[in-house]
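In: Just to be clear, the model below is a prediction. Sequence and coordinates:
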Amino acid sequence: MTLRFSVLASGSTGNAFYIESGEEKILVDAGLSGKKIEQLMQQVNLDPSELSRILVTHEHSDHIKGLGIMARRYNLPIYANEKTWNALDGQIGKISTDQKFLFNMEETKSFGSIDVESFAVSHDAADPMFYTFHQDGKKVALVTDLGYVSERIKKTVEGADAYIFESNHDVSMLRMGRYPWSVKRRILGDSGHVSNEDCALALTDILTDQTKRIYLAHLSLDNNMKDLARMSVKNTLEERGFQIGSRLELHDTDPSEATPIYEV
């Protein structure tokens with residue numbers, strides 16, 4: 001069996017990630033309307049009615065907007081840690097008790113043939129965490145919504161076959177942009193978002209010969225551009241001796257267009 005995934009949507013307006021192996025089909029976050037998530041899945045020939053479960057990273061609206069709708073429509077179990085469940089209260093409508101499951105921080109759960117490992121990130125949410133997905137020596141790491149990449153996180157995610165990694169903003173664009181200073185300070189802070197430069201520097205510490213693809217994720221609509229993010233990350237990686245090309249590919253993500261299914 002193989003791991004197959006698509007970044008259904010990524011950005012400050014909404015996030016959803018899909019990963020499957022065999023009969024196990026997992027949605028991570030549902031930060032768009034239920035209708036939009038269904039459309040994004042259909043873009044890459046996925047059937048929402050075949051989903052097995054939904055994993056939640058944190059309670060911000062760009063990650064949970066369609067969570068309640070998708071869970072009720074397809075009778076899906078939802079997994080989140082205790083503090084995130086408490087923060088979700090009142091945000092996602094009524095969810096049946098038998099659809100609510102705990103996924104604790106720094107825990108590994110097995111779903112079908114996929115082992116999912118959760119890890120803490122520094123972000124201004126109740127108890128935010130992200131995930132790595134393992135199967136038969138293959139590894140996919142989902143790493144967004146964090147103010148900085150700690151050594152502990154690097155250790156957890158290093159050597160993945162594919163990364164979906166935050167490249168939220170260009171620091172100069174953010175500093176010169178229209179956001180009030182309080183918002184800029186939040187984004188630049190340790191509980192905010194990773195910049196293009198910090199994304200690239202973190203990647204240089206965790207990439208191995210096993211890594212084939214990097215997807216730059218959660219780009220700000222106001223403070224970044226795909227070309228700028230890609231160029232910034234590519235230049236830094238190549239300065240550190242990593243060649244972007246046939247063996248290691250750099251890919252964009254989009255807030256309203258799913259990436260083609262990729263098989264690890």
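Out: All right, it came through fine. No experiment lies behind these values; they were computed from the predicted model shown.
In: CA atoms for contacts and neighbours, from now on please.
Out: Noted.
In: And for Met41, the neighbour number?
Out: Neighbourhood size, Met41 [other CA atoms under 10 Å]: 22.
In: doesn't it fall inside a helix?
Out: Yes - Met41: assigned to a helix according to DSSP: H, G, I helix; E, B strand; the rest coil.
In: contacting residues for it?
Out: Listed by CA atoms under 8 Å, 6 or more residues apart in numbering, the contact set of Met41 reads 8, 47-48, 258.
In: Which of these has the largest number of neighbours?
Out: Leu8 (31 neighbours).
In: Please identify the helix or strand for that one.
Out: Using DSSP states H and E, Leu8 maps to strand 4-9.
In: Please name every helix or strand in contact with the helix or strand just after that strand.
Out: Following strand 4-9 in sequence order, the next helix or strand is strand 16-21 (DSSP H and E). Strand 16-21 sits against strand 4-9, strand 24-28, with contacts defined as 3 or more CA pairs under 8 Å, 6 or more residues apart in numbering; DSSP states H and E.
In: Now do the last one, average pLDDT.
Out: Model confidence over strand 24-28 averages 98 on the pLDDT scale.
In: Likewise for the first one?
Out: The average pLDDT within strand 4-9 is 98.
In: tell me the angle of that strand relative to strand 24-28?
Out: Computed by axes from the mean of the first three to the mean of the last three CA atoms, to 10 degrees, the angle separating strand 4-9 from strand 24-28 equals 30 degrees.
In: picking that back up, what lines up beside the strand holding Leu8 in the sheet?
Out: For strand 4-9, the pairing partners within the sheet under DSSP bridges are strand 16-21 (antiparallel), strand 262-263 (antiparallel).
In: ok, Arg4 touching Gly22?
Out: No - judged on CA atoms under 8 Å, Arg4 makes no contact with Gly22 at a distance of 9.3 Å.
In: tell me the most buried of the strands paired with strand 4-9?
Out: Of the strands paired with strand 4-9, the one with the most neighbours on average (mean count of other CA atoms under 10 Å) is strand 16-21, at a mean of 22.
In: For that strand, C-alpha coordinates in PDB please.
Out: Provided in PDB are the C-alpha atoms of strand 16-21 (Å, rounded to 0.1, in the frame of the first residue of the first chain):
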ATOM      1  CA  ALA A  16      -8.100  21.300   4.300                       C
ATOM      2  CA  PHE A  17      -5.700  18.300   3.700                       C
ATOM      3  CA  TYR A  18      -6.600  14.800   2.500                       C
ATOM      4  CA  ILE A  19      -4.500  11.600   2.900                       C
ATOM      5  CA  GLU A  20      -5.400   8.000   2.200                       C
ATOM      6  CA  SER A  21      -4.100   4.500   2.100                       C
END
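In: Quick one: distance of that strand to the chain centre.
Out: Relative to its chain's centre, strand 16-21 lies at 10 Å (CA atoms, centre = their mean, to the nearest Å).
In: returning to that earlier point: who's more crowded, Arg4 and Gly22?
Out: The neighbour comparison of Arg4 against Gly22 (other CA under 10 Å) goes to Arg4, with 16 against 12.
In: Before I go, just wanted to say thanks for your time.
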